[in-house]
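A.B. asks: need a 3D model of the sequence below.
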Amino acid sequence: MPRADDRRSTPDKELANAPEGPALEFEGDYRPTEESVSVDPQIRVDPPHVDFLYRIADALNTTLDLQTLMLRVADLVRAVVDYRIFAILLVNDRSQELWMRFQVGHAPELERLRIKIGKGIVGQAAAERRSIRVDDVSKVENYIHTNPEVQSELAIPLVVKNKSIGVLDLESVQLAAFTEDHQRLLELVASRMAVAIENARLYTRVSRQAQTLTVLNEISRELTSILDLDGLLERIGTLLKRIVDFQMFTILLWNERTQQFEHRFSTRFGERIQRRGSSPLGVGIIGTAAKERLPVLAPDVRKDPRYIMANAEVRSELAVPLIYKGNVLGVLDVEHTRVNYYNEDHQRTLTTLAGQIAISITNARLYERIFEEEQRMERELAMAREVQTRLMPPSPPIMENAEFAARFLPARSIGGDIYDFVPYGQGRVAIAVGDVSGKAAPAALYAALVSGILRSLAAQQLTPAEMLRSLNDQLQERRLDSQYVTMLFAIWNDESRTLQISNAGSVQPLFVTAGSNGANVKTIKAEGFPLGLFPDAEYEEFTISTQPGDMIVFFSDGIVDAENSAQDMFGTERLNETLASYSINSAADAVEAVLKAVDVFQDGTEHFDDETLVVLRVR
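C.D. replies: Model prediction:
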């Protein structure tokens, strides 16, 4: 039977015809030497063996699946070598041990056997990269006794690029069961098989990496969509299980206040657990990974001085820091009960994913803080809205010759609209309707300031023009940038049925009178500067005489500026039509008619501004 080296012994014509010169050594030069040519190898090639070699080549060239490859080789070898026990052992590069990857005839528990390079017959074959045929294992000192019935053994190394990647091992219960022909035949098989196994392992590795990258991409997309921190951490553990098998999983997050890494999420054998305690920076495997900003892989925690025992079952551990913008947010830690379970591939995978996890945790924490802040602001706004409502008069005043009605509809948050009825001596009442610039809390606070000043000045019973001038002076003393208020201030004299009115930049009120053809609506042309903008401002004052049935309508710009879904505004014309067309018998009817018309016009569109309406109707 030809040996593996003899297959490539045909002389190269170019080298044979080369001019004579110094002897050169070429890697891969397999030309036969004089000694090899003069010796008769006495090799016999039987037709069945040739057929066997063809089938081996076909089996090795038609699959890249390692398990299928080893199964086919085992079946084909049995056709020419009647073995009872067969095994393929491959070298684990990290531990430099031979692991049994395929076997026939061994006890199942031997599949977990690990053989150091150089130990036993298979270990020696791998170390020396040569075949070892033993006719009687009882006479070999380094034989590993795994089966008392075994009497002979043949170990063929699998060598690729002068490196042992495994061993093809056959055992028999008979003495001298394997011949030199068997050895040479299997050496040829092994030379081809080693390359096929290396290709299959490379293909498996590349396929696994491609699958891992696909899963990492899916995980990254999913993690970015989760903003609840607890839900995110739980999902990380679930998704991570798809690419790195673990028995114990923990995420610790850095607490700035305590300067410790605190357990935020932990699972043990698939069940969520609550772990107490914390880990300081630089202490233990977790603290070391955080301090050095590098992953820490402990193949056997019992031999690692950095390990702090928290679980007696743990044997291997991998801790990866979670870093975002140069800051260590936390540590991702996985543990297993098997020694040497995690490897460099696991470390690279977790390190790749750690960056995305850190970003997702940062986003979730930011959202959590924003949500908490929004909840706090909602509570504060609700309280401020309640306070603002209580600043409004609880009920309109009751007069002999006039009736009053008022409504204030705030938008989503607190606003800057104010209205008030202020007693102004016997038979008189002051009406104030204002709108502070801006929205929300600043506007409400400024409105409270204006309301307080107004009430304090009311005791002087100033005329409308004097009141607005005094208010403006007071606000000038407490000037705030870009803050002002528009206001209508009027005094109703119930005895004379007259209304004195001044305007500081507010929406001009409407005067509704009864006519022969229905109600007439006119705008009271009162103008003036807003309060708080200009010093020493002067304001005009008008006196209006009224008749029974007449109405004075004060309103904020939230009424006329109300928009529908088409972004059309309600406008002054619709307001005038509403007041002219409705059969109004009281001030309250007028308020309800206007607000109903605005609501129908908006048709569910959200209100963006406060709506204030005050109606005076003469009895």
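A.B. asks: the helix or strand harbouring residue 613 pairs with which strands, and in what direction?
C.D. replies: In this assignment (DSSP states H and E), residue 613 forms part of strand 611-618. Strand 611-618 sits in its sheet next to strand 402-409 (antiparallel), strand 551-555 (antiparallel), going by DSSP bridges.
A.B. asks: next one: it to chain centre, how far?
C.D. replies: 53 Å (Cα atoms, centre = their mean, to the nearest Å).
A.B. asks: and among the strands paired with strand 611-618, the most buried is which?
C.D. replies: strand 551-555 (a mean of 24; mean count of other Cβ atoms under 10 Å). C-beta: built from backbone N, CA, C; applies to glycine.
A.B. asks: correct me, but residue 149 touches residue 173?
C.D. replies: Yes - between residue 149 and residue 173 a contact is recorded at 4.7 Å, counting by Cβ atoms under 8 Å.
A.B. asks: looking only at neighbour counts, state which of the two leads.
C.D. replies: Taking other Cβ atoms under 10 Å, residue 149 and residue 173 do not tie; residue 173 has more neighbours (14 against 10).
A.B. asks: quick one: residues contacting the more buried one.
C.D. replies: Neighbour list for residue 173: 84, 149, 150, 151 [criterion: Cβ atoms under 8 Å, 6 or more residues apart in numbering].
A.B. asks: and the last one, how close does it get to residue 134?
C.D. replies: Using Cβ to Cβ, to the nearest Å, one obtains 9 Å as the distance from residue 151 to residue 134.
A.B. asks: right, and the strands paired with strand 611-618 - which one's nearest residue 79?
C.D. replies: Of all those, strand 402-409 sits nearest to residue 79, with 93.7 Å by Cβ to Cβ.
A.B. asks: let me know the average pLDDT across the closest one.
C.D. replies: Averaging pLDDT along strand 402-409 gives 93.
A.B. asks: go on, stretch 293-307?
C.D. replies: Stretch 293-307 shows an average pLDDT of 92 in the prediction.
A.B. asks: buried sites along that stretch?
C.D. replies: Residues of stretch 293-307 classed as buried by neighbour count (16 or more other Cβ atoms under 10 Å): 295, 296, 297, 298, 299, 301, 304, 306, 307.
A.B. asks: and for stretch 235-251?
C.D. replies: 235-237, 239-240, 243-244, 246-251.
A.B. asks: can I get those in JSON lines with secondary structure?
C.D. replies: Putting the buried residues of stretch 235-251 into JSON lines (DSSP: H, G, I helix; E, B strand; the rest coil) gives the following:
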{"residue": "235", "secondary structure": "helix"}
{"residue": "236", "secondary structure": "helix"}
{"residue": "237", "secondary structure": "helix"}
{"residue": "239", "secondary structure": "helix"}
{"residue": "240", "secondary structure": "helix"}
{"residue": "243", "secondary structure": "coil"}
{"residue": "244", "secondary structure": "coil"}
{"residue": "246", "secondary structure": "coil"}
{"residue": "247", "secondary structure": "coil"}
{"residue": "248", "secondary structure": "strand"}
{"residue": "249", "secondary structure": "strand"}
{"residue": "250", "secondary structure": "strand"}
{"residue": "251", "secondary structure": "strand"}
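A.B. asks: max pairwise distance over those residues: which two?
C.D. replies: Using Cβ to Cβ, the two most remote members of those are 235 and 247, lying 18.9 Å apart.
A.B. asks: hmm, back to that, can I get the strands paired with strand 611-618 in JSON lines with distance to residue 538?
C.D. replies: Shown next, in JSON lines, are the strands paired with strand 611-618 (distance: least, Cβ to Cβ, whole Å):
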{"stretch": "strand 402-409", "distance to residue 538": "29"}
{"stretch": "strand 551-555", "distance to residue 538": "22"}
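A.B. asks: quick one: which of the ones you listed is nearest residue 515?
C.D. replies: Across the strands paired with strand 611-618, residue 515 has its closest neighbour in strand 551-555 (12.9 Å, Cβ to Cβ).
A.B. asks: avg pLDDT for the closest one?
C.D. replies: Here the average pLDDT along strand 551-555 is 96.
A.B. asks: give me the residues contacting that strand.
C.D. replies: The contact list for strand 551-555 (Cβ under 8 Å, 6+ apart) reads 419, 431, 433, 488, 490, 499, 507, 509-512, 524, 544, 546, 575, 579, 584, 587, 590, 594, 612-618.
A.B. asks: and residue 90, its phi and psi?
C.D. replies: Note on residue 90: its backbone torsions stand at phi -120, psi 150 [degrees, to the nearest 10].
A.B. asks: packing partners for the longest helix along the chain?
C.D. replies: Ordering each helix of the chain by length in residues (DSSP state H) puts helix 344-391 first. Applying 3 or more Cβ pairs under 8 Å, 6 or more residues apart in numbering; DSSP states H and E, one finds that helix 344-391 contacts helix 180-223, helix 229-240, strand 296-298, strand 316-324, strand 327-336, helix 440-458.
A.B. asks: the last one vs helix 344-391, what angle?
C.D. replies: When axes from the mean of the first three to the mean of the last three Cα atoms, to 10 degrees is applied, the directions of helix 440-458 and helix 344-391 differ by 20 degrees.
A.B. asks: any idea which helix or strand in this structure has the lowest mean pLDDT?
C.D. replies: For the chain, using mean pLDDT, DSSP states H and E, the weakest element among its helices and strands is helix 13-16, scoring a mean of 40.
A.B. asks: re earlier: just send the buried residues of stretch 235-251 back as TSV, with pLDDT too.
C.D. replies: Below are the buried residues of stretch 235-251 laid out as TSV (pLDDT from 0 to 100):
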residue	pLDDT
235	84
236	84
237	84
239	82
240	82
243	78
244	84
246	89
247	89
248	91
249	91
250	91
251	91
